[in-house]
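*Asks:* Predicted structure and sequence below. I'll ask about it afterward.
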Amino acid sequence: MLLDCPTKSANHFDPETIPVEKVLIDDTSIAYKVFGDGDPLLMINGFSSTMDTWNPPMLDLLSQSYRVVIFDSRGMGHSGSSEKPYSIPLFANDTANLMDQLGISRAHLFGYSLGGMVAQDLALSFPERIRSLVLVSTDCGGSHAERMSAGVWETLSDKSGDLLSQAERMFSVLFPSGWLAEHDPWDYCPEIHETTPVEHIVRQSEAFFAWQGTYDRLPDIQCPALVITGTDDVIIPPGNAFILAGRIPASWLVQIPGGGHGIAYQFPELFSKAVLMFLGLAVLFPRS
């Protein structure tokens, strides 16, 4: 499915007004926010990201139909950490434990970038807990994944300088150059207030590179899955979406023309409509 892109609309939803809550998970604390009503939708963020990096217009649209849970992964933002080695399975277990703490027996799972890898591991380890998967700008990991260039990784992992410098570097790889030539990314991205110690970001990156991936196990995913990619993503090349959709039995593939890794910021209405359409149909799928 190939979708065309509409323009941005005004947003009045401010997730910053929702208080941060914390629960003890395993050997640390996890910070989270909950808003909206309906079936639970857990959202797992990407590399080095915190809750305040989610795009408010997208959160607004999703929370009109679902009980949305966003949280800071172990070591990120307001969440705590420990000496336990970081890994994708550990992040998946943290998410399952958070569901337990919030009284959520089953949920729709939304994973963005690194969060999509965690979501795959969670769906495979706890299939009875997951109603559906939304895998955004992510890959299967391991030797089968198509990797970003060394230059893109260098830009992505460079946390030097002040927050303004870091944001400008991030924009250069999050969004296609053609889109940046016509749009100011500051008009499309939320203000970021949370901070994360650099050593925790390094530990998360080590977990990313150490992950052996899910390629051989993808056919075992039991729930329906939506795989979304931007055609101009240089962080997670779009070929990865075809790998995921080709191996997950009940899957949809959506490509957004002109979308970079930050497709949910570029096109929040279109992106959210695709997610909501899928979630509405996913509950009709019989469980295998």
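*Replies:* That came in fine, so what should we check first?
*Asks:* pLDDT (mean, whole number) over stretch 109-127?
*Replies:* For stretch 109-127, mean pLDDT is 98.
*Asks:* Tell me what the residue nearest to the spatial centre of the chain is bridged to.
*Replies:* Centroid-nearest residue in the chain, with CA atoms, centre = their mean: residue 112, separated by 1.7 Å. On the basis of DSSP bridges, residue 112 is bridged to residue 136.
*Asks:* residues touching it, list them.
*Replies:* 43, 44, 45, 46, 49, 136, 137, 138, 264 (CB atoms under 8 Å, 6 or more residues apart in numbering). Backbone N, C-alpha and C define where each C-beta goes, glycine included.
*Asks:* do that again at 10 Å, thanks
*Replies:* Listed by CB atoms under 10 Å, 6 or more residues apart in numbering, the contact set of residue 112 reads 43-47, 49, 53-54, 118-119, 134-138, 228, 236, 261-264.
*Asks:* which SS state does residue 22 fall under?
*Replies:* Secondary structure state of residue 22, per DSSP: H, G, I helix; E, B strand; the rest coil, is strand.
*Asks:* Doesn't residue 269 belong to a strand?
*Replies:* No. Counting by three-state DSSP, residue 269 is not found in a strand; it is helix.
*Asks:* how near is it to residue 58?
*Replies:* As judged by CB to CB, to the nearest Å, residue 269 and residue 58 stand 9 Å apart.
*Asks:* Take the contacts of residue 112 and keep only those in strands.
*Replies:* 43, 44, 134, 135, 136, 228 (DSSP state E).
*Asks:* So which of those residues wins on neighbours?
*Replies:* Compared across the ones in strands among the contacts of residue 112, residue 135 has the highest neighbour count, 31 neighbours, by other CB atoms under 10 Å.
*Asks:* The closest residue to that residue other than its chain neighbours: how many residues sit nearby?
*Replies:* Leaving aside its sequence neighbours, residue 135 sits nearest to residue 116 (CB to CB, 6 or more residues apart in numbering; 4.4 Å). By other CB under 10 Å, 28 other residues sit near residue 116.
*Asks:* Quick one: residues contacting residue 116.
*Replies:* Contacts of residue 116 by CB under 10 Å, 6+ apart are 44, 46, 109-110, 133-141, 227-228, 236, 240, 244.
*Asks:* State the distance from residue 153 to residue 186.
*Replies:* Distance of residue 153 to residue 186, computed by CB to CB: 24 Å.
*Asks:* Can you pick out the residue with more neighbours from these two?
*Replies:* Taking other CB under 10 Å, residue 153 and residue 186 do not tie; residue 153 has more neighbours (15 against 12).
*Asks:* Can you name the residues that contact that one?
*Replies:* With CB under 10 Å, 6+ apart, residue 153 has these contacts: 147, 173, 205, 209, 235.
*Asks:* wait, isn't the first one in contact with residue 139?
*Replies:* Yes. Contact criterion CB atoms under 10 Å: residue 147 and residue 139 qualify, at 8.3 Å.
*Asks:* Overlap of the contact sets of these two?
*Replies:* Counting by CB under 10 Å, 6+ apart, the contacts common to residue 147 and residue 139 are 235, 236, 237, 240.
*Asks:* Any stretches of the stretch 151-288 of the chain with poor pLDDT?
*Replies:* 286-288 (pLDDT under 70).
*Asks:* ranges for the helices of it?
*Replies:* Ranges of helices in the stretch 151-288 of the chain, per DSSP state H, counting those that start in this stretch, are 163-174, 177-182, 198-210, 239-247, 263-266, 268-282.
*Asks:* Between the ones you listed, which one is closest to residue 95.
*Replies:* Smallest distance to residue 95 across those (CB to CB): 14.0 Å, for helix 198-210.
*Asks:* And the closest one, what does it pack against?
*Replies:* Applying 3 or more CB pairs under 10 Å, 6 or more residues apart in numbering; DSSP states H and E, one finds that helix 198-210 contacts helix 88-101, helix 114-125, helix 150-157.
*Asks:* Just send those back as JSON lines, with distance to residue 75 too.
*Replies:* As requested, these are exported to JSON lines (distance: least, CB to CB, whole Å):
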{"stretch": "helix 88-101", "distance to residue 75": "10"}
{"stretch": "helix 114-125", "distance to residue 75": "12"}
{"stretch": "helix 150-157", "distance to residue 75": "15"}
